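S.K.: Just need the structure, nothing else, for what follows:
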Amino acid sequence: MAMNVVSLVGRVSEASELTDGSAGTDLILLVAERCKVEGEWRTEQMPVSVTVGGKQGAACLDLLTEGSPVGIAGRLGRDQDGVRVIAQSVDFLDSLEVAA
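M.R.: Residues are numbered from 1 along each chain as shown. Just a heads-up that it's a prediction; the model follows:
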């Protein structure tokens, strides 16, 4: 049995409405990646394309701005640009309240 599950946490780079007539949003999520470059550890931002459909996509347009922290759970999918994440749930991390 093959599994296709993706879970990411990062910051929004861009948010724009889909141009193909779908009700949703395309996001570029920047995910931190630690790597060693010339013997030195660095944190680099890896861009990941994400599609959020339906009401969640509309909520993303309303609530997310560049730099917003967000958690995405979904699956891998293909489009004309290659592989992208198809979101099945979105957590708006900056709107969480911590109970005291």
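S.K.: Excluding chain neighbours, what is closest to the most centrally placed residue in the chain?
M.R.: For the chain, the residue nearest the mean C-alpha position is L29 (4.0 Å; Cα atoms, centre = their mean). Using Cβ to Cβ, 6 or more residues apart in numbering and skipping the chain neighbours, the partner closest in space to L29 is G10 (4.3 Å). Every C-beta, even on glycine, is put in place using the N, C-alpha and C of the backbone.
S.K.: Check A59 too.
M.R.: Nearest one to A59, counting by Cβ to Cβ, 6+ apart, is V90 at 7.4 Å.
S.K.: Quick one: the helices in this protein, in order.
M.R.: Remark: helices assigned in the chain by DSSP state H are 54-63.
S.K.: Can you pull the poorly scored residue ranges out of it?
M.R.: Per-residue confidence for the chain (pLDDT under 70) gives these ranges: 15-24, 95-100.
S.K.: these two touch, right, the residue nearest to A59 and A58?
M.R.: No. Using Cβ atoms under 8 Å, V90 is not in contact with A58; the gap is 11.1 Å.
S.K.: which one of the two has more residues nearby?
M.R.: For V90 and A58, the more surrounded residue by other Cβ atoms under 10 Å is V90, and the numbers stand at 21 against 15.
S.K.: Dig out what the spatially closest residue to S89 that is not a sequence neighbour forms beta bridges with.
M.R.: Closest residue in space to S89, ignoring its immediate chain neighbours: A73 at 4.7 Å, by Cβ to Cβ, 6+ apart. As for beta bridges, A73 partners with S7, S89 under DSSP bridges.
S.K.: A73: how many residues sit nearby?
M.R.: For A73, the neighbour count with other Cβ under 10 Å is 15.
S.K.: list the contacts for R34?
M.R.: Contact analysis of R34 by Cβ atoms under 8 Å, 6 or more residues apart in numbering lists 41-44.
S.K.: any idea which of the residues you listed is closest to V50?
M.R.: The shortest approach to V50 among the contacts of R34 belongs to E44, at 18.5 Å (Cβ to Cβ).
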